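[1] Whatever this is, show me its structure:
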Amino acid sequence: MTLTHHARRVLLDMVRLGAGVILAAGIARALNLSNSYSAGTITLITLLTSKKESLRQSLWRLITFFITAAITALARLVIPWPVVCFGLSVMLLYGICEKLNILPVLAVNGVICSHLVTMPHFSPGFVLDEFLMVLTGVIIALLCGQMYSGKNARGQLRRRMKRDDGILATWLYELAYALELGTGGLPALTDYEKQLQEDRALAADYLENSYASHADYFAEYFDMRIKQVEVLKNLEWELASYQVPPAQTRTIAGFIRYLAGYVQETNEPKAQEDRLKELLRHLRHEQLPATRQEFEHRAILYHILMTIREFIDLKRQFVEGLSSRQREEYWKQQDQRH
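    Take a look at the predicted model:
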């Protein structure tokens, strides 16, 4: 049985979380830290975010540790009741975290604060003990986060893009063939659309867990293909709903077959746009429709060609949105492989 991307990701997260908690708590216990299991909790909380966010939160957890220690020390000086001291300290910490837009680190600060307000005597040794606990949890979380291999994910995304482009080209060829036969049985897009959605999820994971420059390239590419599928679904509906005469059907089928030959990641659709413009220009210079039926047929053909233009426009917009760095990093590497 082949596991889906989501199932594989869940299994990897289970392994990372389990290993991280065991390592953090075990190391803290070996160092004789007072709250060794809390180190495992810090690792757990840190690993529940993406690789990029884990690094950001880890840095803030170390910085805000000293803010938490300072606030708790001052609160203990003026408030003799531990429960009230704890509540007011957390209240102040919330305000600071909200102001700095780092609310996810508040939970760990609350745990630290609870340890500091309940200790019999506020001593530098205990503060150091707590800091080592946080440091252990953070370091283990960052190490376990490296179990996500950006290089492997990138290679997998490359393979999926090539496969998806092949499926799309085949679908367009099949559509052209069905139109020429006039059978009315148009190829389905359901499976292809589901595959693109899964690939988009993998690209989102890569974006959140990779430090590579322009990691959003893959997500934007699959977004473009998903939008193209929506256009093709509209095209399917138009072809199935309208009565297109044979001569115009051949025109549409011929252009779709031509278009199928240029469904590649690195194709810039300038030539396809020019060919479509030429086809539309030819239609405008044809003899005006003599009957209502001819007028309707001409309008249907024009409407269908406009839908095909929308399909091409989506690729053009994607290409125009690429930076020179993205072209250098992604497209030239592809050219070198070929």
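
[2] any idea which residue sits dead centre in the protein?
    By C-alpha atoms, centre = their mean, the chain has its centre lying nearest to residue 204, at 1.5 Å.

[3] Does it touch residue 219 like I think?
    Yes - if you go by C-beta atoms under 8 Å, residue 204 and residue 219 touch, sitting 5.8 Å apart. C-betas here are computed from N, CA, C, even on glycine.

[4] what's the burial count for residue 306?
    The tally of other residues near residue 306 (other C-beta atoms under 10 Å) stands at 12.

[5] Kindly spell out which helices and strands sit in contact with the host helix or strand of it.
    Residue 306 belongs to helix 292-320 when assigned by DSSP states H and E. Applying 3 or more C-beta pairs under 8 Å, 6 or more residues apart in numbering; DSSP states H and E, one finds that helix 292-320 makes contact with helix 217-241, helix 246-260, helix 270-284.

[6] can you give me how far the last one is from the chain middle?
    Right, helix 270-284. Computed by C-alpha atoms, centre = their mean, to the nearest Å, the chain-centroid distance of helix 270-284 equals 35 Å.

[7] host element of the residue nearest to the centre of the chain?
    Using DSSP H and E, residue 204 maps to helix 190-209.

[8] Please apply the same query to residue 266.
    Secondary structure (DSSP H and E) places residue 266 outside all helices and strands.

[9] got a list of what the residue lying closest to it once chain neighbours are set aside touches?
    Nearest residue to residue 266, sequence neighbours excluded (C-beta to C-beta, 6 or more residues apart in numbering): residue 331, at 4.8 Å. Taking C-beta atoms under 8 Å, 6 or more residues apart in numbering, we find residue 331 in contact with 265, 266, 322.

[10] other SSEs contacting whichever strand or helix holds residue 63?
    Taking DSSP H and E as the definition, one finds residue 63 inside helix 51-78. Contacts defined by 3+ C-beta pairs under 8 Å, 6+ apart place helix 51-78 against helix 36-47, helix 82-99, helix 106-118, helix 124-145, helix 190-209.
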